[in-house]
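1. My questions are about this predicted structure, shown below with the sequence.
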Amino acid sequence: MAKITIVFAVLLITLGVFGFAATGSIHPTALIPAYVGSLLAIFGVLAMSPDAKKRKLYMHFNVTIGLLGFLGALVIFLRNIFGVTNAGPAAVEAQGVMAALLLIYVALCVRSFIAARRAGTV
């Protein structure tokens, strides 16, 4: 699961950099996906530990970051969709993609945690 975390981290960092460029490189909030991706990358690398307890701890950090990132992106995305705030189209698309990526990531993590529990490896 740590390798999948790294893949999602790279996707989020790429999304943040492209979002920053698409908004004219003047809105630092466009880099929020890159910040979340950076945290996932750091803890993803740490989760590659051979020690099962450390791996479990860092993957729980990752899923928590993913869940909080998903909720934050979803709220901002929905606020823009329903007209409460009005960001540019590139920002709204980036928020939607970030929410979708993190939802998939959290679902994969939960599935992995359940499988590990059933296998008795935890």
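-> Structure's in. What do you need?
2. make it CA atoms for all contacts and neighbour counts henceforth
-> Fine.
3. Now do residue 69 against residue 49, distance only.
-> Using CA to CA, to the nearest Å, residue 69 is found at 24 Å from residue 49.
4. Pick out whichever of these two has more residues nearby.
-> With neighbours defined as other CA atoms under 10 Å, residue 69 and residue 49 compare such that residue 69 has more, 21 against 14.
5. any idea which helix or strand comes after the helix or strand hosting that one?
-> Here residue 69 sits within helix 52-81, counting by DSSP states H and E. The C-terminal neighbour of helix 52-81 among helices and strands, as given by DSSP H and E, is helix 89-119.
6. buried ones in that next one?
-> Across helix 89-119, burial judged by 16 or more other CA atoms under 10 Å covers 90-92, 94-99, 101-103, 105-106, 108-109, 113.
7. ok, the closest residue to residue 34 other than its chain neighbours - contacts?
-> Excluding its sequence neighbours, the residue lying closest to residue 34 (CA to CA, 6 or more residues apart in numbering) is residue 13, at 3.8 Å. Residue 13 makes contacts with 31, 33-38, as judged by CA atoms under 8 Å, 6 or more residues apart in numbering.
8. If we use 7 Å, what do you get?
-> Applying CA atoms under 7 Å, 6 or more residues apart in numbering, we find residue 13 in contact with 33-34, 37-38.
9. which element is it on?
-> helix 2-22.
10. Any idea how far that helix is from the middle of the chain?
-> Computed by CA atoms, centre = their mean, to the nearest Å, the separation of helix 2-22 from the middle of its chain amounts to 8 Å.
11. after that helix, next one along is what?
-> Note on helix 2-22: by DSSP H and E, the next helix or strand toward the C-terminus is helix 32-46.
12. follow-up on the earlier one: got the buried residues for the helix holding residue 13?
-> Of the residues in helix 2-22, those buried (16+ other CA under 10 Å) are 2, 5-20, 22.
13. And stretch 21-32, by the same measure?
-> 22-23, 30-32.
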